[in-house]
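# Dropping a prediction and its sequence here:
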Amino acid sequence: MSTVRIDHLVTSGTFSLDGGTWDVDNNVWIVGDDDEAVVIDAAHDADAIVAALGGRRLVAVISTHAHDDHVDAAPALAERTGAPILLHPADRELWDRTHPDRAPDGELADGQVLTVAGVELHQIHTPGHSPGGVCLYAPALGTVFTGDTLFQGGPGATGRSFSDFPTIVESIRERLLTLPPATVVRTGHGDSTTVGDEAPHLQEWIDRGH
């Protein structure tokens, strides 16, 4: 069996919500071996993601949440590869704003496990940035993919529709900061961090009230 690895590419595009549009760079994570893989957040550029897959079988297109910058390339990637798009149902309203004519193929659910190349990805429902935000914890790889729930330096933004600051703080406190401190946090934008680096700052975030 070939070694499981995490490939990372950054794609660029826009994020639109509540009448505003912003230029953004997104992290796209590919987890798998030489034969099969999953894509976490198909952002902006299906061609670049297909190239990074390099002919491997795509098991699933996993959406940590349904903000348009994280799912805009998902239908094209699914069409190119035949892989199902998976999304937590609580984010379906957001999804439908971007892709009204293309439903996701399956649902993510708290506690479920998706296996790729022999590695388990545990689904952790972490609402707050959006109602259906999901993080994916891979114990064997010592990493968690947090989408826009937890970044280096604090929680994801909660200033727009469908988001709530107390909810995201509770999600991070109860579901993410309880993971082993050495767990690498691979985020939806920007640099990675670790659970141990972020945990001491929880009260600061609360006091700051992002």
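Received the coordinates, thanks. Residues are numbered from 1 along each chain as shown.
# Low-confidence bits of the chain, can you list those?
Low-confidence segments of the chain (pLDDT under 70): 1, 210.
# so where do the helices sit in it?
In the chain, the helices defined using DSSP state H lie at 46-53, 68-71, 74-81, 92-98, 165-171, 195-198, 202-208.
# Is I85 bridged to anything, and to what?
Beta-bridge pairing for I85 (DSSP bridges): V61.
# Distance of it relative to D23?
In this structure, I85 and D23 are 25 Å apart, going by Cβ to Cβ, to the nearest Å. For glycine as for every other residue, the C-beta is placed from the backbone atoms N, C-alpha and C.
# do the same with D164
Here the criterion is Cβ to Cβ. By it, D164 lies 25 Å from D23.
# hmm, who's touching stretch 90-107?
60, 63, 65-68, 71-72, 74-75, 78, 84-89, 125, 127, 130-133, 162 (Cβ atoms under 8 Å, 6 or more residues apart in numbering).
# run the last query once more with 6 Å
With Cβ atoms under 6 Å, 6 or more residues apart in numbering as the test, stretch 90-107 has contacts from 65-66, 68, 71, 75, 84-87, 89, 130-132.
# Please pick the buried ones from those residues.
Neighbour counting by 16 or more other Cβ atoms under 10 Å classes H65, A66, D68, V71, P75, I85, L86, L87, S130, P131, G132 among the contacts of stretch 90-107 as buried.
# State the pair within those that is farthest apart.
P75 and P131 (21.2 Å; Cβ to Cβ).
# Can you get me a residue count around T115?
10 (other Cβ atoms under 10 Å).
# One more: L114?
For L114, the tally of surrounding residues (other Cβ under 10 Å) stands at 19.
# So what pairs up with the closest residue to A140 other than its chain neighbours in the strands?
In space, A140 comes closest to V119 once its chain neighbours are excluded; the distance is 5.1 Å by Cβ to Cβ, 6 or more residues apart in numbering. On the basis of DSSP bridges, V119 is bridged to V116.
# quick one on the thing from earlier: in CSV: the contacts of stretch 90-107, plus distance to I168.
Output for the contacts of stretch 90-107, formatted as CSV (distance: Cβ to Cβ, whole Å):
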residue, distance to I168
H65, 11
A66, 16
D68, 19
V71, 19
P75, 27
P84, 27
I85, 24
L86, 21
L87, 18
P89, 19
S130, 9
P131, 11
G132, 13
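# Between those residues, which sits nearest G13?
Closest approach between the contacts of stretch 90-107 and G13, by Cβ to Cβ: D68, at 8.7 Å.
# Not counting residues beside it along the chain, what's closest to the closest one?
Spatial nearest neighbour of D68, chain neighbours left out: T98 (4.3 Å); criterion: Cβ to Cβ, 6+ apart.
# that older thread, if you count surrounding residues, which of D164 and D23 has more?
Taking neighbours as other Cβ under 10 Å, D164 and D23 compare with D164 leading, 15 against 9.
# Kindly provide the distance from the more buried one to D148.
D164 sits 13 Å away from D148, taking Cβ to Cβ as the criterion.
# What residues of stretch 181-201 count as buried?
For stretch 181-201, burial by neighbour count (16+ other Cβ under 10 Å) applies to T183, V184, V185, R186, T187, G188, H189, S192, T193, T194, V195, E198.
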